[in-house]
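> Got a predicted structure plus its sequence, pasted below:
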Amino acid sequence: MNFLMAQQGNPMMQFLPLLVIMFAIMYFLIIRPQKQKEKKRLQMISNVRKHDKIVTVGGVHGVVISVKENEVIVRVDDAKDVKLKIDKSAITAVTVSKGEQEDN
């Protein structure tokens, strides 16, 4: 009887390797790619320059006319000269950068 009890051991120790493997899978499939994506987004936001065409989180398309530390001023309508002041964190994408415009 004592022999059977000694072999069973702690049930948590049996699941420990499984938990480590599950965490490793989650890290490489979910956490790491999200960190890389956020790093690229922050780099894109920090590289926003005057005359870049951008898209905001709300879907507003415009051209950057002024860049400050935490905000940008975007012209959304040339005909009526409509400008918006937005936070840099609201920028989703830079569709055409100033360097690409000069090449075309």
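Here it is on my side, so go on.
> buried set for stretch 50-65?
The neighbour-count check on stretch 50-65 (16 or more other Cβ atoms under 10 Å) flags 52-54, 56, 62-64 as buried. To be clear about C-beta, it is placed using only N, CA and C from the backbone, and glycine gets the same treatment.
> For this structure, which segments count as strands?
For the chain, the strands defined by DSSP state E cover 53-56, 61-67, 71-77, 82-87, 91-96.
> Now do the spatially most central residue of the chain, the pLDDT please.
Taking Cα atoms, centre = their mean, the centroid of the chain lies closest to Glu38, which sits 2.7 Å from it. If you check Glu38, the pLDDT there is 95.
> Same check on the one 3 residues further on?
At Arg41, the predicted lDDT confidence score is 94.
> For the chain, just list every one of the helices.
2-8, 11-26, 32-46, 98-103 (DSSP state H).
> quick one, which of those helices is nearest to Ile91?
Nearest to Ile91 among the helices of the chain is helix 32-46 (5.5 Å), distances taken as Cβ to Cβ.
> and the angle for that closest one with strand 91-96?
Put simply, helix 32-46 runs at 60 degrees to strand 91-96, going by axes from the mean of the first three to the mean of the last three Cα atoms, to 10 degrees.
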